[in-house]
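> sequence and predicted model, in that order:
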Amino acid sequence: MIENPLRLKASRQKPVTSGQRPVPRSQEPEASDQSPDAQSQTPAARCKRPDASLRRATLGLSSSRRQPSCNRPFIVPVFLPHAGCPHQCVFCNQSAITGKRSTPTSKDVHHQIKTFLNFRRKPRQNTQIAFYGGNFFGIQAQTAERLLAQATQYVTTGHAHSIRFSTRPDTIQRQQMALIKDYPVSTIELGVQSMDERVLKLSKRGHSAADTIKAMHLLKELGYEAGVQLMVGLPGDNAQRLQATAQKIARLKPDFIRIYPTVVLSGSPLAALYKKGNYVPLSLAEAVSQVKDLYLLFKRENIRVIRMGLQASVDLQNGSTILAGPYHPSFGHLVYSEIFLEMAMSAIQSDHSKAKSVILNVHPHSVSKMSGLKNENIKRLCQEFGLQTVDIVADDSLKKNQLKISTRP
Ligand code: SF4
């Protein structure tokens with residue numbers, strides 16, 4: 001029995017408009033790990049936790065405050081644009097992305113943390129203070145310790161649970177790790193970007209794939225939650241090299257992945273290459289397709305993909321920050337929609353190719369993914385299979401990654 005039925009009707013004569021979408025915004029999940037897996041149809045992977053017992057003992061903090069929970073954390077970002085960067089990576093311009101120009105002062109850090117904590121809906125929600133936008137282990141030790149000490153104040157007073165930061169793979173060394181052992185750091189994100197040496201070189205990363213492998217092994221040995229940031233569309237990359245990168249990363253079993261499409265940011269070295277015609281970005285459709293393939297590969301390996309696409313911001317959307325490339329404020333949604341479209345196409349093709357009307361049952365949270373942005377999926381299905389109507393019905397007996405398909409008598 002279908003509960004809570006919500007219907008989207010589409011016909012070739014009169015396609016629905018986005019205004020007819022019946023799912024209230026509050027029901028629509030953001031791009032997250034709780035997403036459909038078209039091929040394996042497995043439930044969303046459960047989040048793994050680091051074994052932080054060593055560091056917990058050192059900190060003397062209670063495990064309930066110290067350890068990240070399985071809930072998606074509430075992240076309080078503190079941006080350190082280009083702090084500690086030994087190289088100018090070809091695609092990067094953190095100032096353009098974050099709108100910030102310099103490393104924040106102590107006062108700025110407190111102000112930023114307090115402001116973000118006020119946005120938190122549930123005070124007890126797992127909260128992490130995150131240092132992003134630079135190469136954390138490249139920062140002068142004194143500054144890094146000042147930042148960690150500031151963030152630790154919020155953990156010891158119970159306003160946050162732990163600290164996370166992003167850093168380059170070649171900075172993960174035992175000596176560096178010793179510097180943070182007395183702070184409540186639980187999560188480290190590695191800016192890996194690619195595992196292909198040609199791509200790393202052309203992107204001017206200044207580190208190798210071997211650095212990433214060594215770094216991941218050390219993070220796991222020390223019990224940190226370890227994440228990986230990957231990019232699609234880097235100079236010299238292609239779909240085959242990207243798949244090879246993804247397979248190498250999957251073997252390292254990171255706790256989570258972020259995937260970003262390469263865009264041409266003004267002021268970046270890539271902008272100069274692009275203007276001379278020496279770099280051609282991926283189209284939006286190519287980027288969505290490549291990210292979808294990576295997403296499905298990681299889901300099959302039970303590795304959480306926690307973000308696909310750049311976080312939309314006023315700075316990114318102001319028209320002068322991104323010169324070219326596959327930026328879309330709902331990039332993750334486009335990827336999920338493509339996955340649902342392919343599921344529906346394959347099911348119709350194999351079992352309902354003669355049907356004139358189909359009913360697609362999906363979990364209520366997946367209705368917008370099934371319909372696609374501006375009901376694009378419904379239009380595609382109508383065109384592709386000559387369908388007269390496509391009804392999308394919300395069915396909370398299904399999992400978020402499932403699709404049930406039937407035809408109208
Ligand atoms: S990608 Fe990372 S290391 Fe490279 S310039 Fe940007 S912040 Fe620095």
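All right, it came through fine.
> skipping adjacent residues, who's closest to the closest residue to the ligand within the stretch 201-350 of the chain in space?
Per CB to the nearest ligand atom, residue 205 is where the stretch 201-350 of the chain lies closest to the ligand, at 7.0 Å. Where you see a C-beta, it was placed from the backbone N, CA and C, and this is true even at glycine. Leaving aside its sequence neighbours, residue 205 sits nearest to residue 89 (CB to CB, 6 or more residues apart in numbering; 5.7 Å).
> and for the one you found, the neighbour number?
Close neighbours of residue 89, defined as other CB atoms under 10 Å, add up to 23.
> may I see the buried residues of the longest helix seen in the chain?
Longest helix in the chain by number of residues, with DSSP state H as the criterion: helix 331-351. With burial defined by 16 or more other CB atoms under 10 Å, the residues of helix 331-351 counted as buried are 331-341, 343-344, 347-348.
> with stretch 147-155 instead?
147-148, 150-152, 154-155.
> near the ligand, which residues of the stretch 101-250 of the chain are found?
Those residues of the stretch 101-250 of the chain that sit near the ligand, judged by CB under 6 Å from any ligand atom, are 134-135, 168, 191.
> run the last query once more with 5 Å
135, 191 (CB under 5 Å from any ligand atom).
> quick one: the strands in the stretch 101-250 of the chain, in order.
127-132, 162-167, 185-193, 225-232 (DSSP state E, counting those that start in this stretch).
> of these, which approaches residue 80 most closely?
For residue 80, the closest of the strands of the stretch 101-250 of the chain is strand 127-132, at 5.6 Å, according to CB to CB.
> quick one: the closest one to strand 225-232, angle?
Taking axes from the mean of the first three to the mean of the last three CA atoms, to 10 degrees, strand 127-132 and strand 225-232 form an angle of 40 degrees between their directions.
> who's in contact with strand 127-132?
Contacts to strand 127-132, defined as CB atoms under 8 Å, 6 or more residues apart in numbering, come from residues 68, 73-80, 98, 113, 117, 120, 147, 151, 154-155, 159-166, 186-187.
> in helices only, show me those.
Using DSSP H, the contacts of strand 127-132 in helices are 98, 113, 117, 147, 151, 154-155.
> now those in CSV, with distance to residue 312?
CSV is the format used below for the ones in helices among the contacts of strand 127-132 (distance: CB to CB, whole Å):
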residue, distance to residue 312
98, 13
113, 22
117, 22
147, 26
151, 26
154, 27
155, 29
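> among the residues you listed, which one lies nearest to residue 281?
Nearest to residue 281 among the ones in helices among the contacts of strand 127-132, with distances taken as CB to CB, is residue 98, at 20.9 Å.
> tell me which helix or strand the residue nearest the centre of the chain sits in.
Geometric centre of the chain, nearest residue: residue 307, 1.0 Å, by CA atoms, centre = their mean. If you go by DSSP states H and E, residue 307 is part of strand 304-308.
> within the sheet, what are the partner strands of the helix or strand that comes right after that strand, with directions?
Sequence-wise, the next helix or strand downstream of strand 304-308 (DSSP H and E) is strand 322-324. Using DSSP bridges, the strands paired with strand 322-324 are strand 264-265 (antiparallel).
> rewinding a little: I'd like the buried residues of stretch 147-155 as JSON lines, with distance to residue 359 and pLDDT appended.
Shown next, in JSON lines, are the buried residues of stretch 147-155 (distance: CB to CB, whole Å; pLDDT from 0 to 100):
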{"residue": "147", "distance to residue 359": "54", "pLDDT": "96"}
{"residue": "148", "distance to residue 359": "55", "pLDDT": "97"}
{"residue": "150", "distance to residue 359": "55", "pLDDT": "96"}
{"residue": "151", "distance to residue 359": "51", "pLDDT": "97"}
{"residue": "152", "distance to residue 359": "54", "pLDDT": "97"}
{"residue": "154", "distance to residue 359": "50", "pLDDT": "96"}
{"residue": "155", "distance to residue 359": "50", "pLDDT": "96"}
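> now, which of those residues sits nearest the ligand?
Nearest member of those to the ligand, counting by CB to the nearest ligand atom, is residue 147, at 15.4 Å.
> now that closest one: how far from residue 215?
Using CB to CB, to the nearest Å, one obtains 21 Å as the distance from residue 147 to residue 215.
> where does the stretch 101-250 of the chain get nearest to the ligand, which residue?
residue 135 (4.5 Å).
> per-residue pLDDT of that residue, please?
Note for residue 135: predicted pLDDT of 96.
> and for residue 351?
87.
> need the phi and psi values for the residue nearest to it when sequence neighbours are not counted.
Excluding its sequence neighbours, the residue lying closest to residue 351 (CB to CB, 6+ apart) is residue 405, at 7.3 Å. Phi and psi for residue 405, reported as degrees, to the nearest 10, are phi -130, psi 140.
> so residue 405 bridges to which residues?
Residues in beta-bridge contact with residue 405 (DSSP bridges): residue 360.
> isn't it up against residue 359?
Yes - using CB atoms under 8 Å, residue 405 is in contact with residue 359, at 7.1 Å.
> was I right about the residue of the stretch 101-250 of the chain closest to the ligand contacting residue 81?
No - judged on CB under 8 Å, residue 135 makes no contact with residue 81 at a distance of 11.0 Å.
> quick one: contacts for residue 254?
Applying CB under 8 Å, 6+ apart, the residues near residue 254 are 190, 216, 226-228, 303.
> sorry, slip of the keys, the one I care about is residue 133.
By CB under 8 Å, 6+ apart, residue 133 lies in contact with 79-83, 94, 97-98, 100, 166.
> and the gap between it and residue 79?
4 Å.
> stretch 119-131 - what's its average pLDDT?
Here the average pLDDT along stretch 119-131 is 85.
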